[in-house]
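# only geometry, no sequence info:
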């Protein structure tokens with residue numbers, strides 16, 4: 001490290017993260033085995049890595065989707081235990097360091113406690129500075145009691161193996177059941193992927209998952225959401241309870257979006273005539289943007305045409321309205337991606353439509 005570079009932990013020792021569980025007595029368990037339940041992954045019991053799509057399907061879309069499908073954003077580990085502490089040990093191949101998101105988003109796992117009344121954030125499994133190949137970390141509770149837990153996978157990392165540790169003699173069981181067996185699928189750009197959050201649990205899909213106790217499947221691909229026919233085929237083949245279609249930002253031009261957005265929706269409708277579909281537009285904070293307006297109009301036309309044809313299972317969310325109640329300036333990280341407040345604003349805009357879907361669809365427990 002040159003004299004012009006330094007690690008902040010050199011001046012603030014409170015930021016030092018212990019990279020080892022050290023002398024705590026734990027039993028470690030592979031999360032690929034029962035009673036742990038894995039969500040948001042493609043066949044995690046068979047694949048060498050935690051991936052979100054089969055390799056052949058991802059490669060048929062694009063090289064970019066193939067690479068990003070190896071990032072486990074939206075993946076979750078669910079289980080229960082009465083252990084007074086919970087630890088993880090993660091083996092990674094790569095961590096996606098970026099200039100506009102923190103290590104806590106890119107490579108950390110975070111922990112939530114689930115109850116029938118809702119879920120609350122406990123703590124992150126904080127990774128040490130400079131971590132590249134994995135880490136281990138422990139979280140200690142104030143009391144030893146039975147808890148339902150969810151551990152969220154990182155947003156921008158490639159994860160090969162994860163073990164969870166609990167105190168010897170502790171119970172270990174299944175997680176809290178979701179309200180839906182078939183997942184709610186999210187397809188979109190880096191915004192759906194989760195870029196701009198400060199940790200995994202704050203992506204908008206994970207927030208909605210907690211709000212409605214939803215099993216979700218995140219198919220966000222940073223810079224690679226282009227509505228290709230191969231992706232339309234893959235989405236149409238999924239068994240899902242609802243679809244959030246956030247296809248907008250990565251279309252190269254409004255003309256490209258016009259050629260592909262309705263075609264994507266129509267292909268999904270062929271296989272899922274009554275599937276609830278929420279269509280989003282980008283979180284536009286620049287009212288003068290002609291491109292954003294044209295893209296919004298394209299998406300609204302797909303929605304309006306469907307409604308005019310008698311489709312009662314489509315919903316439209318105008319991204320230019322997301323930030324209005326919270327102040328436009330404070331909800332955006334870099335002019336494109338929402339920050340944590342911006343993702344909260346997105347969730348608040350989507351929630352009324354998701355509530356309708358959950359209330360009336362047979363795929364959700366009442």
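Yes, it's here. All values reported here derive from a predicted model rather than from experimental measurement.
# which ones are touching residue 303?
279, 314, 315, 316 (CB atoms under 8 Å, 6 or more residues apart in numbering). All C-beta atoms are positioned from the backbone trio N, CA, C, and that covers glycine.
# Now do the SS call for the first one.
Taken by DSSP: H, G, I helix; E, B strand; the rest coil, the conformation at residue 279 corresponds to strand.
# Do I have it right that it meets residue 298?
No - the criterion here is CB atoms under 8 Å, and residue 279 misses it with residue 298 at 10.3 Å.
# Tell me where the model's unsure across the protein.
1-20, 22, 285, 287, 328, 366 (pLDDT under 70).
# In it, which residue is most central in space?
Most central in the chain under CA atoms, centre = their mean is residue 74, positioned 3.3 Å from the mean C-alpha point.
# So which residues of the stretch 251-366 of the chain form strands?
Taking DSSP state E, counting those that start in this stretch as the test, the strands found in the stretch 251-366 of the chain are 277-280, 314-317.
# Chain neighbours aside, what residue packs nearest to residue 258?
Of all residues not flanking residue 258 in the chain, residue 298 sits nearest, at 4.9 Å (CB to CB, 6 or more residues apart in numbering).
# returning to that earlier point: quick one, which of the strands of the stretch 251-366 of the chain is packed in tightest?
strand 277-280 (a mean of 24; mean count of other CB atoms under 10 Å).
# Would you indicate which residues of whichever strand or helix holds residue 185 are buried?
In this structure, residue 185 is located in strand 184-188 according to DSSP states H and E. For strand 184-188, the neighbour count (16 or more other CB atoms under 10 Å) marks 184, 185, 186, 187, 188 as buried.
# ends of stretch 60-77, how far apart?
The first residue of stretch 60-77 is 29 Å away from its last residue (CA to CA, to the nearest Å).
# Any idea how far it is from the middle of the chain?
Here stretch 60-77 is found 11 Å from its chain centre; the criterion is CA atoms, centre = their mean, to the nearest Å.
# Same check on stretch 248-258?
On the basis of CA atoms, centre = their mean, stretch 248-258 sits 23 Å off its chain's mean C-alpha point.
# and what of stretch 126-133?
The chain centre lies 21 Å from the centre of stretch 126-133; the measure is CA atoms, centre = their mean.
# before we move on, what about stretch 121-129?
With CA atoms, centre = their mean as the basis, stretch 121-129 stands 17 Å off its chain's centre.
# on that earlier part again, rebuild the buried residues of strand 184-188 as TSV, extending it with distance to residue 91.
Putting those into TSV (distance: CB to CB, whole Å) gives the following:
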residue	distance to residue 91
184	29
185	28
186	27
187	29
188	29
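# And the helices in this protein, which stretches?
With DSSP state H as the criterion, the chain has helices at 55-61, 63-68, 103-107, 190-193, 204-212, 229-236, 254-271, 290-308, 340-360.
# mind giving me the domain split of this structure?
The record's domain parsing of the chain by automatic domain parsing lists 12-173, 184-360.
# which outside residues touch stretch 110-124?
With contact meaning CB under 8 Å, 6+ apart, stretch 110-124 is reached by 78, 86, 104, 108-109, 125, 139, 141, 147-152, 175-176, 199-201, 210, 213.
# What residues are bridge-paired with the residue nearest to the residue nearest to the centre of the chain when sequence neighbours are not counted?
Leaving aside its sequence neighbours, residue 74 sits nearest to residue 218 (CB to CB, 6+ apart; 2.6 Å). Beta-bridge pairing of residue 218 under DSSP bridges involves residue 186.
# wait, what's in contact with residue 218?
Taking CB under 8 Å, 6+ apart, we find residue 218 in contact with 40, 52, 73, 74, 75, 186, 192, 193, 194, 203, 205, 206.
# mind running it again at 6 Å?
Residues near residue 218 by CB atoms under 6 Å, 6 or more residues apart in numbering: 73, 74, 186, 205.
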